[in-house]
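1. task: produce atomic coordinates for the following.
(one chain, ligands or ions: 1)
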Amino acid sequence: MDAEAWRNRTIYQVLTDRFAIPEGKEVEPCDPTIGIHCGGTWRGIYEHLDYIQNMNFDAIWISPIVAQMPQWTSDGEAYPGYWQQSLYEINLAFGSEEDLVQLIDEIHKRGMLVMLDIVVNHMAIPGPPTDDLDYSIMHPFNKEEYYHPYCANGYDDEDLTNLQNCWLGGEGALLADLDTESEEVQQMLALWIRNQIWKYGIDGLRIDAAMNVESEFFPSFMKSADIFATAETYTEHIEIACEYSHAIGSVLNYPLYFQLTYAFEGPGGDMQNLADTIKSISEKCLDPTTLGNFAENHDVVRFANHTQDMAAASNIISYIMTHDGIPVIYYGEEQHLDGGTEPYTNRAALWETKHDQTAPLYKLIANLNLFRRHVSRNHAGYLATESTTIDVGKGTIAFAKGAPDDPKVITVFNNQGADASDFKVELCDTKSHGYSAGDELFDVIACKSNTVSDNGCIEAWVSDGEPVVLFKKSELTGSTLCDIEGASDVEVEPVYISSTTWTTEMSGQLTVMHSATTMPLSDAPSSVTATATATAATGDSTGSANTIGTPPRYAMFTIATAFLIGSFW
Ligand SMILES: [Ca+2]
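-> The predicted structure is shown next:
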C-alpha cells in the first residue's frame, strides 16, 4: 500500500490498552493518572470494530504489538506500547498471537487497512542509569555496542546531537537509544520490519520518535519496509518536520497541529497565521496531501482541554476531515473527551463512554467521512489537489478544494463559538470558488441549500458557530448525506490479501516467513485473484519458488482470508 492508496483513507487511532475490553473480562475502573494497564486488548478492538466502521473510517492505527518491558517502574507500566524489549515476541498484555491475527484478518475483511505503530529509536530497560545495565534482556539488540552511550533527556529540538543520540524516558524506564548509524543495527531493523509486515499483513506504518533518529536512516529502512509510513516529528519547526517527510514519505503534521489549535481554541485565534503555516508547509514538505493531520493524539492535550465549546470542536474536526492530508482521529475525540498530559488523562478508557454511537461529534465524523469518500469516488483528483485559501477574515478562514476542472468543495471555518450570533462570510471571487450566479450548493453540516447570488457571491451563513461545508447539490445524489434523494451507501474499497511463504536468514538461522500482504483488488493481477480462488477451493497454500512449507496456523489464516475476500469481491 503506497501513499496514493493511503491518501484515500481516513485513520482512527486506537490506544490498544484504553479502547475496549473484551466481553467477559473483569477490570478495575481505569485511572489514567497512575500510568498502569487498564485492560484493553486486541480482542476488545475486534469486538468493537463496528464502532469504528460505523464512523466510516477505513483504516485503523493500533499501538505497537511487540513485547514490552514487563515490570512496573517509577515511570509506570508500558501500557502505551513504546517500551519495547523483545522485537520478535508479541505483547501478551494485549492478547495472544491468535487474537492479533484474528483482529487484522477481520479489519481486512471489512475492507479497512491496518497501520502499525513501530519504534526504531530505542529499546526499554529498567533504570536507574548505571554503568552495569543488563543489555542482554533486550532482543535482538542484546549488547551495549548496539546503543549510543547514555545521556539523559534527548528532547531538545534545538540541539540535533542531543535529540538524536541521547536517551528518552525517565529514570525508571530508560529508553536505550539505538545506534542507528551502525550498519549492523540498520540491517537488523530492516530484517525485523520486513518480518512484521509480511508476517501480519501490515498495510502502513506509524514511526514513533522519528525525529530522534537521523533522517539519513530512513530512505533505506523505507525501502525494506516497502509500504507507506507516516512518522512522529513532534516539533513546531516546519523545516525539521518537512525534512522527515522527504526521508520517510509522510509525517504527522505537528507544525499544522500547533497552529490549528491556536487558531480554533477561541475567538482570538489568528487565522492569518494558520493560512501562512499551510502555505509554508505546502512549499517545504514532500506532499501536503499525504501528511497525517490531527487535532489530538496520546502525547498532546485533547482539544476539549483547551475549550469545551462544541462549535470549536466541530470546526477543528471538520478542518481535519476536509483539508489536504490524511485525517487522523484519536480515539475518544468523537466523544469530546477532555484529558490533558500532566498526568496523561488524555488516555482515559473509552469504555467509560459506553462507545456511544449517538454522540454529536461521532455523527459529525461519520458524515464527513462519507462526504470525503463520496467526493473522492466521483472526482479522482479531489484528494490529490491542494486546497486554495480563498478568504481570511477576523476569526474565519475559507478554502476551495478540487481538481482544476472539477466542482470545488467550499469550506468556511470559524472560531467564534457556539454562542455567537449568526453571521455570513461572503465569497465573491468567482475565479477562486469556481461557481456562477444561480448555482445550487448544499451545506452538508447544516443540511441546507445555498444558491449562489446574482453577483456570483457565495454567502456562507454561519449559525451557532458551526463550520460550513458546501458542495454542488447535484453532486451529492447517492451520498446518503442529509437524506438527499437517491440514497445509497458508498462501499469501502475491497482489499485482496495474497498469501505466500518464503525463507530468510535471521540471526544466523534459516527461518520460514509467512506472508499476508494486502493490496487493492484493482491492483491485483487477474492471475493473483484466480490463484486466491483456487487456493480456497483446494486448500493448498500458494507460494513462491522458495516455499519450504507453511505452518498450519498461518496457512489457515491466509487461505481463509483469501476465500473471504474473494467472496466479498
Ligand atoms: Ca536516537
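2. from the geometric centre of this structure, which residue sits farthest away?
-> residue 454 (42.9 Å; C-alpha atoms, centre = their mean).
3. neighbours of the closest residue to it other than its chain neighbours, how many?
-> Computed as C-beta to C-beta, 6 or more residues apart in numbering, the closest residue to residue 454 that is not its neighbour in sequence is residue 437, at 5.0 Å. Quick note: C-beta positions are derived from backbone N, CA and C, even for glycine. Neighbours of residue 437 under the rule other C-beta atoms under 10 Å: 12.
4. am I right that residue 437 falls within a strand?
-> No - according to DSSP: H, G, I helix; E, B strand; the rest coil, residue 437 belongs to no strand; its state is coil.
5. numbering from 475 from now on, please.
-> Happy to do that; since the first residue is 475 now, the last one works out to residue 911.
6. could you pull up the residues touching it?
-> Counting by C-beta atoms under 8 Å, 6 or more residues apart in numbering, residue 911 makes contact with 926, 927, 928, 929, 930.
7. what about it, distance to the ion?
-> 59 Å (C-beta to the ion, to the nearest Å).
8. dihedrals phi and psi, that residue?
-> Main-chain dihedrals, residue 911, degrees, to the nearest 10: phi -50, psi 130.
9. likewise for residue 561?
-> Per degrees, to the nearest 10, the backbone of residue 561 is at phi -70, psi -20.
10. do the same with residue 870
-> The phi/psi pair for residue 870 (degrees, to the nearest 10) is phi -140, psi 150.
11. identify the residue nearest it in space, chain neighbours excluded?
-> Nearest to residue 870 is residue 888, by C-beta to C-beta, 6+ apart, at 4.6 Å.
12. next one, pLDDT for the one you found please.
-> On the pLDDT scale, residue 888 is placed at 98.
13. ok, it - contacts?
-> 789, 869, 870, 871, 894, 899, 936, 939, 941.
14. next one: residue 693 from residue 555, what distance?
-> For residue 693, the distance to residue 555 (C-beta to C-beta, to the nearest Å) stands at 26 Å.
15. these two: which is more packed in?
-> Taking other C-beta under 10 Å, residue 693 and residue 555 do not tie; residue 555 has more neighbours (23 against 12).
16. could you verify my assumption that that one touches residue 541?
-> No - with contact defined as C-beta atoms under 8 Å, residue 555 and residue 541 do not form a contacting pair (10.0 Å).
17. spell out which residues of the stretch 525-674 of the chain are next to the ion.
-> 595, 638, 651 (C-beta under 5 Å from the ion).
18. in helices only, show me the contacts of residue 888.
-> Residues of the contacts of residue 888 located in helices (DSSP state H): residue 789.
19. tell me which two of the contacts of residue 888 sit farthest apart.
-> Across these, the longest distance by C-beta to C-beta is 15.2 Å; it joins 871 and 894.
20. more neighbours: which of those two?
-> residue 871 (25 against 18).
21. pretty sure that one is touching residue 864, no?
-> No - contact criterion C-beta under 8 Å: residue 871 and residue 864 do not qualify, at 9.1 Å.
22. the ion contacts on this protein?
-> Within the chain, the positions adjacent to the ion are 595, 638, 651, 686 by C-beta under 5 Å from the ion.
23. tell me the contacts of the second one?
-> So the one you mean is residue 638. 628, 685, 686, 687, 688.
24. all good on my end, thank you.
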